[in-house]
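1. Whatever this is, show me its structure:
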Amino acid sequence: MDLYKYIKDVPDFPKKGIVFKDITPLLSNAEALKFATNSLLKIVENKKIDKVIGVESRGFFFAPLLARELNAGFIPVRKPGKLPSKVAQETYDLEYGTDALEIHEDAISKGDKVLVHDDVLATGGTAEAVCKLVEKLGGEIVQCNFLLELDFLEGNKKLSKYKVTSLLHY
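-> Numbering: from 1, shown residues only. The predicted structure follows:
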């Protein structure tokens, strides 16, 4: 199945000059959704996974599906102030300024094997921050999975110490 035909380019979103890769056509097609989920599972290569991290917000689409099929727990990583319990926080740089991500402190146990999933790998700052959070809590990154990767932004360079896999490349 050609998943590229289910990714819609939206020019000038969220701001002028950006071409947003909209995955909602893929999500709304049952066959494409199932194919993408199964393909993401295949690139985990039968590795032992204890927890699957989904990164706010579009990482929440596939990460719980992957966790279910891998018989692993699902852990949301969110923007500050969205999680109700004690959190660990990691800040990261944006083009203009900084942002932060949080995870519940008790979400990862020492030695947990973790799959990090997000929909898009762009500059790599978000995924790098997530990996730092997991390691801060004692987890081991098994792999970073992405539905699609914007190769020209070279985000995989920030993740060079991890195995990075993406289904689609732009």
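2. use CA for all of it now, contacts and neighbours both
-> Noted.
3. Name the residues of stretch 35-50 that are buried.
-> F35, A36, T37, L40, L41, V44, I49, D50 (16 or more other Cα atoms under 10 Å).
4. can I get these in TSV with distance to V116, secondary structure and pLDDT?
-> Below are these laid out as TSV (distance: Cα to Cα, whole Å; DSSP: H, G, I helix; E, B strand; the rest coil; pLDDT from 0 to 100):
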residue	distance to V116	secondary structure	pLDDT
F35	19	helix	98
A36	16	helix	98
T37	14	helix	98
L40	12	helix	98
L41	12	helix	97
V44	11	coil	94
I49	10	coil	98
D50	11	coil	98
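5. Most widely separated two among those residues?
-> F35 and D50 (23.0 Å; Cα to Cα).
6. okay, now K161: neighbour count?
-> K161 sits with 9 neighbouring residues when counted by other Cα atoms under 10 Å.
7. quick one, what contacts the nearest residue to K8 once chain neighbours are set aside?
-> Distance criterion Cα to Cα, 6 or more residues apart in numbering; nearest residue to K8, sequence neighbours excluded, is D22 at 5.0 Å. By Cα atoms under 8 Å, 6 or more residues apart in numbering, the contact list for D22 reads I7, K8, D9, V10.
8. and of these, the nearest to G139?
-> I7 (32.6 Å).
9. Pretty sure the closest one sits against L26.
-> Yes. Look at I7 against L26 with Cα atoms under 8 Å: they come within range, at 6.5 Å.
10. So for the two, which sits in the more crowded spot?
-> L26 (20 against 17).
11. ok now do the residue lying closest to that one once chain neighbours are set aside, which residues does it touch?
-> Spatially, and ignoring its direct neighbours in sequence, L26 is nearest to Y6 (4.8 Å; Cα to Cα, 6+ apart). Neighbour list for Y6: I23, P25, L26, A32 [criterion: Cα under 8 Å, 6+ apart].
12. just the helices in the chain please.
-> According to DSSP state H, the chain carries its helices in the segments 24-27, 30-42, 59-70, 125-136.
13. For these, give me TSV that also has distance to G81.
-> Shown next, in TSV, are the helices of the chain (distance: least, Cα to Cα, whole Å):
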stretch	distance to G81
helix 24-27	26
helix 30-42	30
helix 59-70	17
helix 125-136	16
